[in-house]
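[1] compute the structure for the input listed below.
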Amino acid sequence: MNGAAQVTPQAVEYIRILPEIVLTIFGIIIMMLDPLMDERRSQRTLGAVGLVGALAAIVATLYQSQYPGVGFWGMVNVDSFSVFFHFLVTAVTAVVILTSYEYMEVQQIRAGEYYGLILFGAVGMCLMSSAVELVLIFIALEISSISTYILAGFRRRAAISSESSVKYFLLGSFATAFFLYGVALMFGATGSTSIAVIGQVLASGQPPVLAYVGIALMFVGLGFKVAAAPFHVWTPDVYEGAPAPIVGFMSTAPKAAVFAVLLRILFEAHAPGRLWLIWVVAALSMTLGNIGALVQDNVKRLLAYSSIAHAGYLLVAFAALPANGIPAAMFYTASYAAMNVGAFAVVSHLASAGERYVTMEDYAGLGRRSPLLAATLTIFLLSLIGIPATGGFFAKFYVFSAALQANLVGLVIIGVLNSAVGAYYYLRVIVVMYMREARQEVPVSPVPLGLGVALAISAVATIYLGVLPGRVLEYATRSAGDLLR
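    All right, here's what the predicted structure looks like:
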């Protein structure tokens, strides 16, 4: 560790939660500045503070990687695995803030707590990825969830937004209770809430029945957060009502953090009964998500069902052997984050005031009215399909390869068939944009600088992961080794 000798042990403890500290400080600064500013100045100024906070958290993550190890009485663990998810969450946070500049102005929503809540939510998501103690994971999950509950209802003038927030809160609280009860049962079965200790106990002999029940209940709570079937019923309504940039945030960053937790619990803790549970949920998620998306006319609802289907594809990797499944799951999470946050950035720009233009018909003729936006959205949709030269292709390739190496042929067949079904509704959007004339002229404003940067980052990341996936996969493989050790 370069320079580690000059840092005291007490300082190293805080370095192991440095990104969370940075995000919290900038979130507090935003909340303190908000009452001192008028509505017009707050839009850009507070957004700039939030963006600086997200970028500072990325720098803190890179600095933190020089000090791996366990901190705070064995509750957090900084390794290449946690650094990967820290970087992913903070990068998504920065892109969402860039996307939100124009959106907040067009929708005439006061910016104040909006950017603060995004940063506070990212605190919980980052903490989830490094936490190795179930009670701390629960606290981090609540920090993340409370922020997203509020953000989902931020379009206060729209009844559908308030409805989505209440629905998300009620069902989310119910799912959290399942997770907490599972933690209690796991403590009863093993005598500890430390993932490392639980793994030692469960690996040393025949797991008690209580451990199976505990794993199942925790999986219910976490399955809700990643919108996996049959815990997915909230997703279409919440995604439709929430602000479009927040949907991009909710569908990527919290999912990445929860998948990090799932990887730790299922592999590091040697969870019993893992294979059959994940097999069923993955198959259900892929099938129900794609079938539901086939009949959608609202683009946000279509992408919501798409999100359910992709949770299923990703869970296929969880059923594979750890050495292959963990890197595949991590690569898929990064690829999905890049293409989905970019897709919702386009949706947020085209939606206009009040999010009036979100139906399939509103996208007709977009290739003629705004060739750049249409081309960018096409890249993201082709990646969601899994077309070569995009991140989505290698993401699915690695996941299905890992499953085949684990002899999960039936699950791979279900996944490939569902990918073919998914191609239909993604291509349908592309056909509407390029091959159908608009019945009414939908206004398309010029792309502002912040949104342009956000789209460029997402598009470059999507193509980079499709053309040069080696470095990211190599890092994910090394991270899997750290996790399994």
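[2] from here on, just use CA atoms for contacts and neighbour counts.
    OK.
[3] pull the longest helix from this structure.
    Longest helix of the chain, by residue count under DSSP state H: helix 159-190.
[4] after it, which helix or strand is next?
    With elements assigned by DSSP states H and E, the helix or strand that comes after helix 159-190 is helix 195-204.
[5] quick one: distance of that next one to the chain centre.
    28 Å (CA atoms, centre = their mean, to the nearest Å).
[6] distance check, the spatially most central residue of the chain against Gly69.
    The centre of the chain sits closest to Thr252, judged by CA atoms, centre = their mean, with a distance of 2.1 Å. For Thr252, the distance to Gly69 (CA to CA, to the nearest Å) stands at 27 Å.
[7] equivalent analysis for Pro19, please.
    15 Å.
[8] of these two, which one has the most company?
    With neighbours defined as other CA atoms under 10 Å, Pro19 and Gly69 compare such that Pro19 has more, 29 against 14.
[9] if I look at the residue nearest to the centre of the chain, how far off is Phe267?
    22 Å.
[10] please apply the same query to Val213.
    Val213 sits 17 Å away from Phe267 when distances are taken as CA to CA.
[11] next: Met218.
    Distance, Met218 to Phe267, using CA to CA: 14 Å.
[12] which one of these two is surrounded by more residues?
    More neighbours surround Met218 than the other of Met218 and Phe267, with 25 against 20 (other CA under 10 Å).
[13] ok, the closest residue to the more buried one other than its chain neighbours - how many residues close by?
    Spatial nearest neighbour of Met218, chain neighbours left out: Phe179 (4.1 Å); criterion: CA to CA, 6 or more residues apart in numbering. Per other CA under 10 Å, the neighbour tally for Phe179 reads 25.
[14] what residues sit buried inside the host helix or strand of Ile146?
    Per DSSP H and E: Ile146 is located in helix 134-152. By 16 or more other CA atoms under 10 Å, the buried positions in helix 134-152 come out as 134-138, 140-152.
[15] let me know whether the residue nearest to the centre of the chain touches Gly342 as I believe.
    No - using CA atoms under 8 Å, Thr252 is not in contact with Gly342, being 10.6 Å away.
[16] burial of Ser445, as a residue count?
    A total of 11 residues lie near Ser445 under the criterion other CA under 10 Å.
[17] where does it land on pLDDT?
    The score at Ser445 is 85. That number is its pLDDT.
[18] list the contacts of it.
    With contact set as CA atoms under 8 Å, 6 or more residues apart in numbering, Ser445 has no partners.
[19] in three-state terms, label it for me.
    coil (DSSP: H, G, I helix; E, B strand; the rest coil).
[20] separation between it and Asn340?
    22 Å.
[21] how about low-confidence regions in the stretch 1-150 of the chain?
    Residue ranges of the stretch 1-150 of the chain with pLDDT under 70: 1-5.
[22] pull the contacting residues for Ala309.
    Neighbour list for Ala309: 228, 285-290 [criterion: CA under 8 Å, 6+ apart].
[23] host element of it?
    Using DSSP H and E, Ala309 falls in helix 299-318.
[24] buried ones in the next helix or strand after that helix?
    Once helix 299-318 ends, the next helix or strand along the chain (criterion: DSSP H and E) is helix 322-351. For helix 322-351, burial by neighbour count (16+ other CA under 10 Å) applies to 322, 324-351.
[25] quick one: distance of helix 322-351 to the chain centre.
    Taking mean C-alpha positions (CA atoms, centre = their mean), helix 322-351 and its chain are 7 Å apart.
[26] quick check: angle from it to helix 299-318?
    170 degrees (axes from the mean of the first three to the mean of the last three CA atoms, to 10 degrees).
[27] list the buried residues in the next helix or strand after helix 322-351.
    Later in the chain than helix 322-351, the nearest helix or strand by DSSP H and E is helix 366-369. Using 16+ other CA under 10 Å as the test for burial, helix 366-369 gives 366-367, 369.
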